[in-house]
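Enquirer: Structure, please.
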Amino acid sequence: MSSEAVLVARALTRRFGARTAVERVSLVVPRGTIFGLLGPNGSGKSTLIRMLCGVLAPSDGEGRVLGLDVRTESEAIKRRIGYMSQRFSLYGDLTVQENLDFYGRVYGLRGAALAQRKAEVCALVSIEGRDEQLAATLSGGYKQRLALACALLHDPEVVFLDEPTAGVDPVARREMWDLLAELAGRGVTLFVSTHFMDEAQRCNTVAYIYEGRLLVQGKPEELEALPAVTPAGTRRLELRLARPAAQLARVRAWPGVRDATLAGDAIRVLCDERFDEAELARALAPETLEVRADRADLEDVFVALTRANAAGAIPAQAAPEPELEPLAPAAHAKSAATRPFTGLLAVFLKELVHVRRERSTLFFLFVIPVLQTILFGYAIRTEVEHVPTVVFDLDGRTGAQEFVEALENTNVLAVRERVHDEAAFEAALRSGSAKVGVRIPPEYSDHLLAGRSAVVQVLIDGSDSSLATQTLQATKLLSLSSSRELIGRSELPIDVRPRLLFNPDLDSAHFFVPGLVGIILQLVTLFLTAFALAKEREAGTLEQLFVTPVGRGGLIFGKLLPYALLGAAEAVIVFSVMVFVFGVPIRGDLGLLFALAGLFVLCGLSLGLFVSTLARTQLQAMQFAFVVMLPSVLLSGFLFPRAQMPVPIRMLSYCLPVTYFVEILRGLVLRGAGALDLASPIFGLGCCAAVLITISLLRFKKQLD
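Expert: As a prediction, the model looks like this:
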């Protein structure tokens, strides 16, 4: 054991709101030491370890691990330490081999070096022969061995173990501590939290923490000799009795006995120094077998310090605060900061294994969307009332202007645009900015003045069958009302000739199915991403990743890439269903369609990532996802035209990526629109993607809250 300090903390503090979890903790751990952090549940042991590992930022104070600042050089610290969390936090649906491969890749091990190191740690922790066994099926002891193997894979200098033997049998506990002693003998520094007294007895140095305050630290025998444990004027005895449990209450009530506790077939007594044990033995005869002097152990330390602190007899910080020299920047810290995508391949390969193993995910991904497309494609029928109209007036005289005014006075048609050339007229219909086009011929006024029938052409966007039907009825009423207003007789001198574009058969599936594709793509990408990250956070595996040197970019994009690939496959499937099941042809450029679908999938993944930063459990992720999905269905224009919505709600709809993608799908698929025709929704979708990615990356921190 070296005297070199590899871990130093001074007045380290962590607050969660008004609650202080760790208060001004100071400690020093030399190299090669087994340092035991002793304390009851909820005393702040895990919080202190997380701060020292760099996954939880301190509120106050200073700390260094291997000379590196826990605040500013946490990523460099993670490359040189190992971490074993309080509960098993590896991947239960991966095999032993796959877990080791993943963590080896995270730390940069490849090929022969990885194979050699795996063989060494498996031999060290005695887990050979279980390579193909799923981690979830291992016994408690073997799970802990696997967790320790992953923590040791990169040959760390310091290993943090947060209650490493919780929930394992006594044999596994002893074997684990024998292994820790062997590691310490090799120069590895071990920082172990526990509330088992026999484990604390095995440590070189023990510190006792209570309600976030470090009360004392020192060698076990030094703590056992503390005045608070065996106060002045007292001594300890051990009474061996035939029936100790039956006599415990009597012993406790005996004059001069300050405390008594059962220990197997004996009673351990703290009594006054002048206590007459012979008198007690005679009183308990013939139960008394033996009375002998006793000494305090760490359990006595634990109980005495807890009681003394509760009574206010122990100062808030009994441990000395070590001196820290000014920090010097570490050379390896810079290299860690310049490699944000470290571990991307490792996370990517691990996610692919998860996807392959998770049959329910594959079913949800490939079967449910097809069923949803077919179900909603056939079931959804609704009416649309508001019809934006473009007018191409070749006449320009009073009669034509009065006809346009008659259009504006209808409750169905609304003139949104007036154009002066054929190209602009066709572009308005193709881009979807107008659903009805009215072309007034140059001889319109001449025919009316001569008493002849004036022909007006009305081009109707038939991609929406409900809209087209409503518009056909409106044009008939328009002919009747216009003739009476302009001519004053019952004949019909205005001959309105409608023509259906894009969907002459008025098949409603042509309108709903493309929009449904956008809704389903968002549903799949949002739910998969949000649930994948929430599942890891809930299982504790995300915290385990936070302690590794995997970069934030590597972690995020490594997790998102498999789902991006699946989202692309999903787009191909639902577009195929749209074309081959519902007979909806894709009139626009196929390459542009898939490029914009890829951009939309990226939006969905980013939205899922954002939801995962809000949700702590899978249930919360589901709730947040539904909060996003319901407005997406109702406000995107998929079911109801946005033009009829109140202005505040219509403004809200512009915050939804699916709003722009529905417009893009209907424009590309049904009207054969190009990129210029769809410039506005493409720009909106791009802005949504940029904003969502930025917000998600800023919110997703490689630290605990």
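Enquirer: Doesn't V28 belong to a strand?
Expert: Yes. Assessed with DSSP: H, G, I helix; E, B strand; the rest coil, V28 lies in a strand.
Enquirer: Please tell me I have it right and it contacts R10.
Expert: No. Using C-beta atoms under 8 Å, V28 is not in contact with R10; the gap is 9.3 Å. Using the backbone N, CA and C atoms, a C-beta is placed for each residue, glycine as well.
Enquirer: lowest confidence element among the helices and strands of the protein?
Expert: Here the helix or strand of the chain ranked lowest by mean pLDDT, DSSP states H and E is helix 331-337, holding a mean of 47.
Enquirer: now the stretch 101-250 of the chain, which segments are flagged as low pLDDT?
Expert: The stretch 101-250 of the chain contains residues with pLDDT under 70 at 167.
Enquirer: Which strands or helices does whichever helix or strand V513 is part of pack on?
Expert: Taking DSSP states H and E as the criterion, V513 maps to helix 509-539. Where contact means 3 or more C-beta pairs under 8 Å, 6 or more residues apart in numbering; DSSP states H and E, helix 509-539 is packed against helix 359-366, helix 368-379, helix 465-487, helix 541-546, helix 552-580, helix 590-614, helix 618-635, helix 657-665.
Enquirer: Can you name the next helix or strand after the third one?
Expert: Looking back up the chat, that one is helix 465-487. Elements were assigned by DSSP H and E; along the chain past helix 465-487, the next helix or strand is strand 494-501.
Enquirer: and Q247, what does it touch?
Expert: Applying C-beta atoms under 8 Å, 6 or more residues apart in numbering to Q247 gives the contacts L241, I267, L284, E287.
Enquirer: Return the member of these nearest to H354.
Expert: Of all the contacts of Q247, H354 sits closest to I267, with 54.8 Å by C-beta to C-beta.
Enquirer: That closest one: what secondary structure?
Expert: Going by three-state DSSP, the secondary structure assigned to I267 is strand.
Enquirer: Retrieve the pLDDT associated with it.
Expert: Looking at I267, its pLDDT stands at 93.
Enquirer: Can you name the residues bridging to it?
Expert: Note on I267: beta-bridge partners L239, L262, judged by DSSP bridges.
Enquirer: quick one: it and F275, what's the gap?
Expert: 14 Å (C-beta to C-beta, to the nearest Å).
Enquirer: which one of those two has more residues nearby?
Expert: Applying other C-beta atoms under 10 Å to I267 and F275 shows that I267 carries more neighbours, namely 23 against 19.
Enquirer: so the more buried one sits right up against A246, yeah?
Expert: No. At 10.7 Å, I267 does not count as touching A246 under the criterion of C-beta under 8 Å.
Enquirer: Next up, the contacts around R243.
Expert: With C-beta under 8 Å, 6+ apart, R243 has these contacts: E287.
Enquirer: for V601, same thing?
Expert: L521, T525, A564, G567, A568, A571.
Enquirer: ok, now V65?
Expert: V6, L7, L52, C53, G54, I77, R80, I81, V158.
Enquirer: In strands only, show me these.
Expert: When these are checked against strands (DSSP state E), the matches are V6, L7, I81, V158.
Enquirer: Out of these, flag the one nearest to L630.
Expert: L630 has its nearest neighbour among those in I81, at 44.7 Å by C-beta to C-beta.
Enquirer: so what's that closest one bridging to?
Expert: V158.
Enquirer: from what I can see it touches P156, true?
Expert: Yes. Contact criterion C-beta under 8 Å: I81 and P156 qualify, at 5.1 Å.
Enquirer: more crowded one of these two?
Expert: Comparing I81 with P156 by other C-beta under 10 Å, the one with more neighbours is I81, at 26 against 20.
Enquirer: and the more buried one, what is it in contact with?
Expert: I81 touches C53, V65, L66, P156, E157, V158, V159, F160, V547, counting by C-beta under 8 Å, 6+ apart.
Enquirer: wait, which of these is closest to T189?
Expert: V158 (4.6 Å).
Enquirer: Check the spacing between that closest one and G551 real quick.
Expert: V158 sits 21 Å away from G551, taking C-beta to C-beta as the criterion.
Enquirer: And for E128?
Expert: Counting by C-beta to C-beta, the separation of E128 from G551 is 32 Å.
Enquirer: do T13 as well
Expert: Note on T13: its distance to G551, by C-beta to C-beta, is 28 Å.
Enquirer: C150 now?
Expert: 19 Å.
Enquirer: Compare neighbour counts for these two and give me the winner.
Expert: Taking neighbours as other C-beta under 10 Å, C150 and G551 compare with C150 leading, 27 against 23.
Enquirer: Not counting its own residues, what contacts the helix or strand R173 falls within?
Expert: For R173, the enclosing helix or strand under DSSP H and E is helix 170-185. Here helix 170-185 makes contact (C-beta under 8 Å, 6+ apart) with 1, 32-34, 124-126, 139-141, 144-145, 148, 152, 159, 161, 164-165, 168, 190, 192, 196, 199, 202, 204.
Enquirer: try stretch 548-557
Expert: Counting by C-beta under 8 Å, 6+ apart, 75, 78-79, 83, 103, 106-108, 336, 339-344, 346-347, 545, 558, 609, 696-697, 700-702 sit against stretch 548-557.
Enquirer: before we move on, the earlier item: so which of the contacts of Q247 is the closest to E132?
Expert: Using C-beta to C-beta, those come closest to E132 at I267, 52.1 Å.
Enquirer: what separates that closest one from R497, distance-wise?
Expert: On the measure of C-beta to C-beta, I267 and R497 end up 108 Å apart.
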